[in-house]
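Chemist: build me a model:
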Amino acid sequence: MFSVIFPGQGSQLVGMGKEFFEKYSLVQDLFEKADKVLGFKLSKIILDGPKEELDLTANTQPAIFLISFSIYKVITKEFNIDLGKAKYFAGHSLGEYSALSSAGYLDFSDTLKLLRIRGDAMQNSVPKGLGGMLAVLGSSVYEIEKILNENVNNFNVEIANDNSEGQLVLSGKNDDLDELINILKYKKIKNIRLPVSAPFHCKLMRTATKIMKNEIEKLSFHEGKNILISNVTANEISTRNELTKLLIDQIESRVRWRESVIKMTDKGVNHFIEIGPGKVLSGLVKRINKNVKINTINNESDIKDLII
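Modeler: Next up is the predicted model:
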């Protein structure tokens, strides 16, 4: 039994998807459609850079979705592999939108436009330089929650991503993160400041939530083909009303990736197929459960090796 999973921000690189773009007219058509929908040459930024342009959140989010969706279509249309047999679809943060669109819940064009707005809203929700993110390594979510709760009157930092056992990402104002770093240093807990422009998945994203609420509530969701696992709850999404609410909540909520993978394996999933640039999720899944099979699909030879 397998699940299809899609990566989030941080997996992007200039030239991603080039092999598929050069070989398949299906992908060329998707790139051309994306440029028309967005009103600028996202395809050129993806294929040629510069990296600084691709790394802008408002570009990164639709770009990663476009690559993930394009690869998904090549697998299902050109190689006739039925990924619709998957037990679950899931994605990490913006990857949840790739899962939604690939599973048929959301139109390709609507997803692109929404992620452009989402990226812009998240980027501009906090003044530049005010907030940041911190990776914490080798510690449990329970230990970090205890530290945060004990210091709730001293600073306000939140767990943004529970990625795997021993890998967390925290968000907050830079001054508050500095306070936390001093405590982590004293406790000899390894931490690394991340080169991000804003503190994602925390209450500082409130402005972005308001913008996205307005946009998401305008959408018409279709009856999708597969069951989705939510980042917010690490549970199955059962209704379209619930889906709408969870996508709005997702902006400020913790990405419960570790719990999501555990949920899927507890339900019998023993094979994960990551579709999109990079191999980040494959590495996280392996840290969570060493016994599962993993396929990472970001080039044609990966597809040829895929057996489901």
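Chemist: show me the shaky parts of the stretch 151-300 of the chain.
Modeler: Scanning the stretch 151-300 of the chain for pLDDT under 70 picks out no residues.
Chemist: now do the helices in it.
Modeler: 174-186, 206-216, 240-250, 257-266, 280-288, 300-304 (DSSP state H, counting those that start in this stretch).
Chemist: which positions in the longest one come out as buried?
Modeler: By neighbour count on 16 or more other CB atoms under 10 Å, the buried set for helix 174-186 is 176-177, 179-181, 183-184. For glycine as for every other residue, the C-beta is placed from the backbone atoms N, C-alpha and C.
Chemist: so what secondary structure elements neighbour it?
Modeler: Under the contact criterion of 3 or more CB pairs under 8 Å, 6 or more residues apart in numbering; DSSP states H and E, helix 174-186 touches strand 131-137, helix 141-150, strand 157-164, strand 167-173, strand 190-193.
Chemist: what comes up buried for the last one?
Modeler: Spelled out, it's strand 190-193. N191.
Chemist: can you count the residues close to S3?
Modeler: The number of residues packed near S3 is 27, by other CB atoms under 10 Å.
Chemist: I figured it hits E274, correct?
Modeler: No - at 9.7 Å, S3 does not count as touching E274 under the criterion of CB atoms under 8 Å.
Chemist: circling back to that earlier point, CSV for the helices and strands packed on helix 174-186, including distance to N59?
Modeler: Listed next are the helices and strands packed on helix 174-186 as CSV, based on distance: least, CB to CB, whole Å:
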stretch, distance to N59
strand 131-137, 19
helix 141-150, 31
strand 157-164, 21
strand 167-173, 21
strand 190-193, 23
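Chemist: what's the most buried one of these?
Modeler: By mean neighbour count, with neighbours taken as mean count of other CB atoms under 10 Å, strand 167-173 ranks first of the helices and strands packed on helix 174-186 at a mean of 23.
Chemist: what packs against it?
Modeler: Partner elements for strand 167-173 (3+ CB pairs under 8 Å, 6+ apart): strand 131-137, helix 141-150, strand 157-164, helix 174-186.
Chemist: tell me the mean pLDDT for the shortest one?
Modeler: pLDDT averaged over strand 131-137 equals 96, rounded to a whole number.
Chemist: which other helices and strands contact that strand?
Modeler: strand 167-173, helix 174-186, strand 190-193.
Chemist: returning to what we had before: the helices and strands packed on helix 174-186: which one's closest to S238?
Modeler: Counting by CB to CB, S238 lies closest to strand 157-164 out of those; the figure is 22.4 Å.
Chemist: tell me what angle that closest one forms with helix 141-150.
Modeler: Angle of strand 157-164 versus helix 141-150, following axes from the mean of the first three to the mean of the last three CA atoms, to 10 degrees, is 180 degrees.
Chemist: only C-alpha atoms, please: export strand 157-164 in CSV.
Modeler: What follows is strand 157-164, C-alpha atoms only, in CSV (Å, rounded to 0.1, in the frame of the first residue of the first chain):
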residue,chain,number,x,y,z
VAL,A,157,8.4,31.2,19.9
GLU,A,158,6.4,28.4,18.2
ILE,A,159,7.1,25.0,16.6
ALA,A,160,6.5,25.6,12.9
ASN,A,161,7.5,22.2,11.5
ASP,A,162,7.6,18.8,13.3
ASN,A,163,9.5,17.2,10.5
SER,A,164,10.9,14.0,12.0
